[in-house]
Structures are given as structure tokens and as C-alpha cells.
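K.L.:
Here is a sequence together with a model predicted from it:
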Amino acid sequence: MKKHVINVMRRTPLFPYIRAYYTVYQRTGLSSLLKTRTIGGSGDILERRIQQFEDLCRRARINPPKGRFLYSIDTTLHVMEYPGYRRLGNLTPDYGFLLEKGVDGIGRILEVKLRDDSTGYARVLMRTLRAVRGYLERCSSEAGVDISSGAPETLEDAIQLLLTFNSLLWNYGHPLLGLGRLDRTLEGYPSSEDTHSIIGDLIRALSLYPEFKSNTLPGDTGQVIVLGGECNDLTRTFLEVMMELGLPDPKVVLRVDRNTPEDVWELALDCIERGLGYPLIANDEVIVDALREYYGDDAENYGTSACWEPLIPGRSMDQNNLANLNLLIPLEEALRSGCESFDELLEAYRSALGVYVEGVIREIEALEFEPSPPLSLLFPDCIEKCRDIAYGGAAYSYNGVLSVGMGNLVNSLINIKRLCFDEKRMTLDDVIDVLDDNFRSSGALRSELENHGPVYGMDEPLVVDLTNRIIDMIHGELQGRYKFGLSSPSYIWAGEDTGASFDGRRAGEPMGVHISPVKLLEGMSYTGILNFASSLDYSKACNGGVVDIMIDRTLLERIRCEFTGLLRTGLMKGVMQLQVNVLDPQVILEAARDPELHPDLIVRVWGFSAYFRDLPEEYRELIVRRALEYSEHGGWHG
């Protein structure tokens, strides 16, 4: 019903305004809603979009700097979306190109393009650049901050120019903007002051306007700083600063390989042990190889989308989370196919999956994206081609989908195999009846389904082989048209709309979180989880594959050296990505009863860190449940 009402409203002329004001209300509340001003526009979509940017640069209030850097977003100004189009987000511009050329240097490139501007787009980009120059002049006259339009020569000037463009893109309405490989982007700029202090001020600036930047949940900003790959002094400085400031945002992804220096590992563990939830550790030796199919040698320079999905900063227009494949939905259909063997059931699942995936792809391919001249300025291929990023200007456009429920699916299939085909205690019709009844009359069976191994996350041949078989099915159905990954933010939303599953999950309950056990059972270990994850075929599932584990703080303090070695070994065996929540069971229980008792408690949610107190109750409950499981069963059998 809700979806039908929204579809009807979309056809009304007022819908863009309704959505705009509702978005502001969700992000910043009623008081901000009452102060909101909108920026519309006229003409075709491209003309409207450039008019909106020019209007933004003229009208946006410039707030005085709160520290070393000016970082101003006018949260009362909302740039209207074009009806029927989606706004680009979840990507990373090429800030290195901006700093190398400066505004003036980009202008000189465009002047050459204007000599043979058959499409007229070079003129659009030049108008955009003039609007930027006007905004820089306003920064000087209204805020007293002089921002050079030339290529910056110092670290402070480079950061100020980067922050200015970043704030304009946020104000223009682009959500979930990544920051790229800042340790490389900012490398080599001299400074007359302490670099550590300057980077600290950069992080403080980026942490401003959290309500405005948050997308689905508080803290979900998409502000990812990618470090490492080839470590330098700034890699270390960023990790030291993040550790000292203890802020949940921006978040950090650390690229590692077998040559990552020991001190960088130690700094990363310092951040994790403090309970920041980052850095997410990304394994170059798995990811770069998997990405070469799409990006060739550019794979070496990968960054990430809003959470963990790899792309190439400033070259990829990839929209990496256009849909979530709920892997339990095809199983509902397959169970009703009259299968007489487990292999027949898997083939029925493959068939149902194909129908489901085709439906998802049809919805994706109906999407259209708004053009964005200011975003295109930071994608050099768009300038070279004189084509907007939304119209094929970027070098790459390999879109992606995510998947949710793999653990629930694998556990359900293993239970069906055992009970229906091996032990013959049940029929598939019995399974359907139990699920339709939501386990109301089958409490003992439900407990057996939840607690009988082997299960997803165990280093067992049946589990590994079945998971890889499902991965191969999904990859085959997508036929290379879309990347897909094994992690998703939708484990709670999708669970709310999905019936009971034969892993013991009741209708409406959350699904499993990423590549981690749906439920941590007695005898499961970190070693087993990492061995399982290292055995998966990420060449077919490269759009994110995060092992999400928790550890009791007191245990980590006792075995830090061994735990660090365990993580490094798992990554070198082939784990793709890894994130760790470090929690104290007593603290998390106290915070669950009264979040204000621990207002600074930070937790890792799907791909970002946030204050526990800011999360909806259903997310707090899931984090508490998982934390207590890991505390009870330990996961450590060293």
C-alpha cells in the first residue's frame, strides 16, 4: 500500500517539493524544515542543473570557519531533484586532479576544449567553473578566507581547496561522497606547521554537519578515507589522528597486503582496540586481482563507495548499491517445485533466482540519473570527452548490486538436506507448513535448526562448497552485467519483509550480518570463521565481502598479539575485507537499558561507525545480541 501511494504521488507536480521537505525533516528535524529554502530551475534537465549550481554558489550562506579551515554547508538550502531522475552519489571524485590543476588549470583545459565544442558541454563546464570562482570570491569577502584558484602549493591550501569543493558537492545534493586515497592525494605538500595538527583540523572539518550528511541512519555519511596500498608518512598520521580524536566519522578503509609495515598494522589495531569500528581492512591481494576484469591496471588505484564496494576514484561512475538481492526469496519459490532430491532443489533455486534477478535488473535499468556538471569537473574523462558523468563521460560505469541473507539461505539449505533428504524426517511440504506457521507449533524444531551444525561461517567442506555454488549461480544470472557482493546494509530492512526461514529465523527477524555466522555457536572460532571466508570465490563476488566479527574488550587486551596475527593470517589466506567491533558486555548492556549512560560509545553498523545512542532500537538490539554471543562463546580457542 505504501509503495502504491508513493507511486501515485510521484505523478503529481508537487512531489519533488514533498520529497525535498520530507528529506530535510528526516535529516535535521522540524526546526530546520521550517527554515528550508529550495533551489529549482527551468529549461531542460541539463540547463536546469547548471542553473541550480549557479544559484547555489550565489545564495548559499557561508558560515564563518570554526577552526583552521573554512568548511561551510548551508543546511537550509535544498537543491530540488528533477522529477523521475535519481541523483548520483556513492562515489568518489578525483580530488587529486583538482589539486594538481587548480581551478585555473581546469579552466585552461576547458578553453582548449571550447575550440571544438560540438556538444556544447565544454561551455556548460565553463559556466560551472565561473560559478565556483564566484563562490571563492564570496568566501573571501564574506568569511575572510582567501582560497587560491591556482594549483595549491602548501598542505593547508590543498586541504582548503579540497574541502571547498567537497562542501559544494554536498550542498548540491550529492549524497555519500567518498574522499579517496587522501594519504596519496595530499602527499608531498609542504607545510610550515605541524602536519599532525593540520590533518586533525581536516578531520574535525569533515565531521561537521553530521545530520545533514547522514543518509539512512545517523552516521551513515559515506565519507570514506582510503589509506594504504602503498603506505607513507601520511598513512600513519591519519591513523594516529583518528585514534586520538576518537570520532565515528569520517571512516577509514585501510588497504593492506603482505608488505604492509608492522607499525601501520599496530596503528590500525590501536584504532580498533579503542572501539572506533575502523579501519575496515581491505585485502589488496584479493581485491586488485578481482577488479582487473573491470578496470585493468586502474584496479591498483581502487577506493570504495559509501561503505566497502570497490571502485576507481575519479574514473568510475559505478553505482554500486542499486539493489539488494534477498537470497531467501527464490527459496520460497523453489520449495514449492516438488523436488525429490537436494540437487533438484538447488536447480529449482537456480531457476527461481534467475526469474528474481531479471525482475531486479528490469527495475535497475529503468533508472535515470541527473547530470551533474560540478561533479563532472572532478572526473577528468568527462572533461576529455566533453560529456557529463551521467551520460557516459566517466571512464567506467560498472554498476553493482548487493546480496543479503546468504547465511540464512545456506543454513536453511543444509537443514533441508539433512532433515528432508538425508534423514527423511520431513518432507518439503512439512517445511513449507512450518514456515507458514512461523514456528508457532515447532519450538523444539526451531531450536534444532538454529543450533545444529554445520552452519554458515564454519570451515566445513559442505558449507564452503554450498556457499560457492550459490555465488556461482548469482554470478551466472547477472551474466557480467552487474557486479555483486556478499555484504549488504539491508539485513534488518529485508528481514522485516521476509517470512520465516528454515534456519530458525522467524518472520520479520533480522538476517545474518555480512560474512559472519548468523548465530555464533559453541565451538565456533575466529580461526574457523576466517578460514571459511578465505575459501570463498571473490572473483565472482567483488562488490564487497566483509567479515564482521566482535570481540570482548578484556579478551582483546589479553590476546592482542595473537589476535593481530590471526587477522593478518586470515587476510593473507584470502579474506577480502574485515571489520571488528570491540565491546565490553557490561557497558553494552548498560547502554541498551539507557543509551545516555554511555553517550560516547561507538559501534560499527553495516559499513560505518556511529554513536550507539543515535541508532534505532532494532539496530541496538542486534548489536547487543551479537556482542553477547561473542562474549559468551569467545570465538577464541588459541
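P.N.:
Cool, got the structure.
K.L.:
show me the contacts for Thr164.
P.N.:
Applying C-beta atoms under 8 Å, 6 or more residues apart in numbering to Thr164 gives the contacts 70-71, 135-136, 139, 147. Using the backbone N, CA and C atoms, a C-beta is placed for each residue, glycine as well.
K.L.:
Could you report the pLDDT at Gly480?
P.N.:
In this model, Gly480 is scored at 84, pLDDT.
K.L.:
Can you get me a residue count around it?
P.N.:
Gly480 is flanked by 11 other residues according to other C-beta atoms under 10 Å.
K.L.:
returning to that earlier point: closest to Met242 among the contacts of Thr164?
P.N.:
Tyr71 (17.6 Å; C-beta to C-beta).
K.L.:
What is the burial count for the closest one?
P.N.:
Neighbour count of Tyr71, defined by other C-beta under 10 Å: 24.
K.L.:
Quick check, it in contact with Ala205.
P.N.:
Yes. Contact criterion C-beta atoms under 8 Å: Tyr71 and Ala205 qualify, at 3.9 Å.
K.L.:
which residues do these two both contact?
P.N.:
Leu163.
K.L.:
ok but Met550 is inside a strand, no?
P.N.:
Yes. Using DSSP: H, G, I helix; E, B strand; the rest coil, the assignment for Met550 is a strand.
K.L.:
That one contacts Leu628, correct?
P.N.:
No. If you go by C-beta under 8 Å, Met550 and Leu628 don't touch, sitting 9.4 Å apart.
K.L.:
neighbour count winner among the two?
P.N.:
A count of neighbours by other C-beta under 10 Å puts Met550 above the other of Met550 and Leu628, at 23 against 18.
K.L.:
Across the sheet, point out what pairs with the more buried one.
P.N.:
Bridge pairing for Met550 (DSSP bridges) gives the partners Asn581.
K.L.:
how much space between it and Arg86?
P.N.:
Met550 sits 35 Å away from Arg86, going by C-beta to C-beta, to the nearest Å.
K.L.:
any idea how far stretch 63-75 is from the chain center?
P.N.:
In this view, stretch 63-75 has its centroid 26 Å away from the chain centroid, taken as C-alpha atoms, centre = their mean, to the nearest Å.
K.L.:
helix, strand or coil for Thr498?
P.N.:
Classified using three-state DSSP, Thr498 is coil.
K.L.:
I'd like to know how many residues surround it.
P.N.:
Counted by other C-beta under 10 Å, the residues lying close to Thr498 total 22.
K.L.:
these two touch, right, it and Met511?
P.N.:
Yes. With contact defined as C-beta under 8 Å, Thr498 reaches Met511; the gap is 7.3 Å.
K.L.:
Give me the below-cutoff pLDDT ranges for this structure.
P.N.:
Along the chain, segments meeting pLDDT under 70 span 1-35, 41-42, 634-638.
K.L.:
all strands of it, in order?
P.N.:
Using DSSP state E, the strands of the chain run over 37-39, 77-79, 224-228, 251-256, 280-283, 303-304, 310-311, 324-326, 400-404, 483-484, 546-552, 577-583, 602-604, 609-611.
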